[in-house]
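Peer 1: Whatever this is, show me its structure:
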Amino acid sequence: MSTENEGNAVPKAPSAPPVPVDAPAASADYAESANSVGAAAPAADSRAAAGSASFGAPGDPGAGGGAGAGAGVGAGAGSAAAGAWPPPQPPAVPSYAAGGGSGSGWGASYQPQEPKPGRRRGGLVAGVLAAALVAGGVGGGIGYWAAERNDNETGSTTVAAADTPADLKREPGSVARIANDALPSVVTIEAQSGSGEGGTGTGFVYDKQGHILTNNHVVASAAEGGKLQATFSNGKKYAAEVVGRAEGYDVAVIKLKNTPGDLKPLPLGNSDRVAVGDSTIAIGAPFGLSNTVTTGIISAKNRPVTSSDGGQSGKSSYMSALQTDASINPGNSGGPLLDGRGAVIGINSAIKPAESGGLGGSGQSGSIGLGFAIPVNQAKNVAQQLIKTGQPVYPVIGASVSLQQENSKGAMISQGGAGGSDAITPNGPADKAGLKPGDVITKLDDTVIDSGPTLIGQIWTHKPGDTVKITYERDGKEHTVDVTLGQRKGDS
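Peer 2: A predicted model of the protein is given here:
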């Protein structure tokens, strides 16, 4: 098993990347957004692998939980004589309690909880119904008041809006128009393992040959003898199969078995040109609600995010993610993040859940406005590799780095590699550049490096053969060196 860019299976890393003394705080653990929604796959709370790890590989899985919600509704009203004022009061606004627990891990599945004996079911419906009753009560009161005071008035001040087709046309560039154009190219993916476990995520049409781009953790449960089904927005369902998976990148490509002739691939944008503040549109199946569209902006770029695949393999993935406040929830994973033109700029993959996991009791939490997407430029490169060869290729520097956070100044090259191997691969890129165990890498090109996972994520935004500039500290002195990246094939 190659150790280049690979996390050692040693003590677990802290849940949050280190905060450099002179740099902003790094990202913490993130719960996978599309925590595939559905069956019995346990959710996982992501934890980066601890100890020394070499660049490129996956770390440790976490643990997580399911989701549930409940709400009680009660209302009462006294009687009032006709024509009396004030009119009968509407039902009191009920209190609501929604289940949601912390620890929904990357790759975990959204699992509706079985109702407990005696527990009131239909909480969401009851909540909506109560709100309707409240609104109805208020409306009735206002209508009563108006009728009592306008018995002698005639005419109306109501102005009817025009209802011609031209008035209802959505302009190009509007969210409604973009969503209308994109939805036919987005699919809800149902993955099921041979034992019946699985969940639901999202994907989108990559090409006319029937390839669908999604997250690895969405389809991982069905990768070995399981079943995959893709459902389009028009309700048509197609059986699918896995073409290739990249656990380290959390990217997968599946293919429809009976490809329809009218497939329309979504246009791919340029994630390198995305700017903070740009508009975003996310499409997916949050909590199994297919064809859901939400909007927001790009909140930040180059967020270091570490994830696990929900316990399928125990390995981790790393990304330098696009951060968005568009609402992303379990079930959104693998779905497209679009820009204001309708072009794909990222694959929605993770969320940072509230520490409490939301209101109420335990369960899988939802969006708090911190969603993360794999930049599409990286995802496209990986997809091309998977379609061509069925396996991913990772760029490496040939050095093991510590994933523990004793040093918040950067990524420290370990004293030893995985399984007792050398920390610096002999004659590898780092060795040729003169790097040594104990060196602390603080920058890669112009990006500040505050931890091992951050360094891995940044390296993986490149291709093998690219030359990067690495800044490191040794014995209190800063040095800069150019490193030409090597490669590692496969996830082994």
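
Peer 1: which residues touch the nearest residue to Q209 once chain neighbours are set aside?
Peer 2: Among residues not flanking Q209 along the chain, T259 sits closest, at 6.6 Å (Cβ to Cβ, 6 or more residues apart in numbering). C-beta here means a position set from N, CA and C on the backbone, and glycine is covered the same way. Neighbour list for T259: 208-210, 238 [criterion: Cβ atoms under 8 Å, 6 or more residues apart in numbering].

Peer 1: Just put those in TSV and tack on neighbour count.
Peer 2: Shown next, in TSV, are the contacts of T259 (neighbours: other Cβ atoms under 10 Å):
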residue	neighbour count
K208	13
Q209	12
G210	19
Y238	18
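
Peer 1: Got the confidence number for the nearest residue to A430 once chain neighbours are set aside?
Peer 2: Distances taken as Cβ to Cβ, 6+ apart place A399 nearest to A430, at 3.9 Å, with adjacent residues excluded. For A399, the model assigns a pLDDT of 93.

Peer 1: isn't A399 right next to L435, touching?
Peer 2: Yes. With contact defined as Cβ atoms under 8 Å, A399 reaches L435; the gap is 6.0 Å.

Peer 1: which of these two has more neighbours?
Peer 2: The neighbour count for A399 versus L435, taken as other Cβ atoms under 10 Å, is higher for A399 (31 against 24).

Peer 1: For the more buried one, give the beta-bridge partners.
Peer 2: Counting by DSSP bridges, A399 forms beta bridges with I424.

Peer 1: low-confidence ranges in the stretch 51-200 of the chain?
Peer 2: 51-168 (pLDDT under 70).

Peer 1: one more time with 80, if that's ok
Peer 2: 51-169 (pLDDT under 80).

Peer 1: Can you check which strand is longest in this protein?
Peer 2: strand 292-308 (DSSP state E).

Peer 1: Find residues that contact each of A399 and L435.
Peer 2: Joint contacts of A399 and L435 (Cβ under 8 Å, 6+ apart) are 413, 424.

Peer 1: ok so G369 is a strand residue?
Peer 2: No. G369: not assigned to a strand; according to DSSP: H, G, I helix; E, B strand; the rest coil it is coil.

Peer 1: what's the spacing between the closest residue to it other than its chain neighbours and S279?
Peer 2: The spatial neighbour of G369 that comes closest, neighbours along the chain excluded (Cβ to Cβ, 6+ apart), is D325 at 4.3 Å. Counting by Cβ to Cβ, to the nearest Å, the gap from D325 to S279 is 11 Å.

Peer 1: Need the residues touching each of those two.
Peer 2: Shared contacts of D325 and S279, counting by Cβ under 8 Å, 6+ apart, come down to 296-297.

Peer 1: just checking, L337 touches N348?
Peer 2: Yes. At 5.3 Å, L337 and N348 qualify as touching, with contact defined as Cβ under 8 Å.

Peer 1: Can you work out which residues contact both of the two?
Peer 2: What both L337 and N348 touch, as defined by Cβ under 8 Å, 6+ apart, is the set 282, 373.

Peer 1: before we move on, back to that, the residue nearest to A430 and S367: what is the separation?
Peer 2: Distance, A399 to S367, by Cβ to Cβ: 37 Å.

Peer 1: now swap in D181 and tell me
Peer 2: For D181, the distance to S367 - Cβ to Cβ - is 24 Å.

Peer 1: Repeat that for K477.
Peer 2: 45 Å.

Peer 1: Looking only at neighbour counts, state which of the two leads.
Peer 2: Neighbour count, other Cβ under 10 Å: between K477 and S367, S367 has more, with 23 against 7.

Peer 1: doesn't I351 make contact with that one?
Peer 2: Yes. Between S367 and I351 a contact is recorded at 5.8 Å, counting by Cβ under 8 Å.

Peer 1: Can you give me the end-to-end span of stretch 461-472?
Peer 2: Counting by Cα to Cα, to the nearest Å, you get 20 Å between the two ends of stretch 461-472.

Peer 1: any idea of the mean pLDDT for that stretch?
Peer 2: The model assigns stretch 461-472 a mean pLDDT of 95.

Peer 1: ok, now stretch 335-354?
Peer 2: 93.

Peer 1: May I have it as PDB, with CA atoms only?
Peer 2: The C-alpha coordinates for stretch 335-354 follow below in PDB (Å, rounded to 0.1, in the frame of the first residue of the first chain):
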ATOM      1  CA  GLY A 335     -25.700  17.300  -6.800                       C
ATOM      2  CA  PRO A 336     -24.500  20.300  -8.800                       C
ATOM      3  CA  LEU A 337     -23.700  23.700  -7.400                       C
ATOM      4  CA  LEU A 338     -24.400  26.200 -10.200                       C
ATOM      5  CA  ASP A 339     -23.300  29.700 -10.800                       C
ATOM      6  CA  GLY A 340     -25.500  32.600 -12.000                       C
ATOM      7  CA  ARG A 341     -25.300  31.500 -15.600                       C
ATOM      8  CA  GLY A 342     -26.400  27.900 -14.800                       C
ATOM      9  CA  ALA A 343     -22.900  26.300 -15.200                       C
ATOM     10  CA  VAL A 344     -21.700  23.700 -12.700                       C
ATOM     11  CA  ILE A 345     -18.900  25.100 -10.500                       C
ATOM     12  CA  GLY A 346     -18.900  22.400  -7.800                       C
ATOM     13  CA  ILE A 347     -20.300  19.100  -6.500                       C
ATOM     14  CA  ASN A 348     -22.200  19.600  -3.200                       C
ATOM     15  CA  SER A 349     -20.600  17.200  -0.800                       C
ATOM     16  CA  ALA A 350     -20.600  18.300   2.900                       C
ATOM     17  CA  ILE A 351     -22.200  20.500   5.500                       C
ATOM     18  CA  LYS A 352     -21.000  21.700   8.900                       C
ATOM     19  CA  PRO A 353     -23.900  20.800  11.300                       C
ATOM     20  CA  ALA A 354     -24.800  22.700  14.400                       C
END
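
Peer 1: Pull out the buried positions in that stretch.
Peer 2: Buried residues in stretch 335-354, defined by neighbour count with 16 or more other Cβ atoms under 10 Å: 335-340, 342-354.

Peer 1: Just those residues: which are in strands?
Peer 2: Per DSSP E, those map to strands at 336-338, 344-351.

Peer 1: quick one: which of those residues is nearest V468?
Peer 2: G346 (22.3 Å; Cβ to Cβ).

Peer 1: List the contacts of G416.
Peer 2: 52, 400, 422-423, 437.

Peer 1: And Y472, by the same measure?
Peer 2: 410, 435, 439-442, 478-481 are the contacts of Y472 under Cβ under 8 Å, 6+ apart.

Peer 1: Repeat the analysis, applying 10 Å as the threshold.
Peer 2: For Y472, the contact set (Cβ atoms under 10 Å, 6 or more residues apart in numbering) comprises 410-413, 433-436, 438-444, 449, 478-481.

Peer 1: likewise T484?
Peer 2: 395, 397, 429, 432-433, 464-468.

Peer 1: hmm, 7 Å instead?
Peer 2: If you count contacts by Cβ atoms under 7 Å, 6 or more residues apart in numbering, T484 has them with 429, 465, 467.

Peer 1: same thing with N215?
Peer 2: 34, 201, 250-252, 333-334, 347, 349.

Peer 1: For it, report the pLDDT, please.
Peer 2: 96.

Peer 1: which phi and psi does it have?
Peer 2: With angles defined as degrees, to the nearest 10, N215 sits at phi -90, psi 150.

Peer 1: So the residue nearest to G369 is in contact with I368, correct?
Peer 2: No. The criterion here is Cβ atoms under 7 Å, and D325 misses it with I368 at 9.3 Å.
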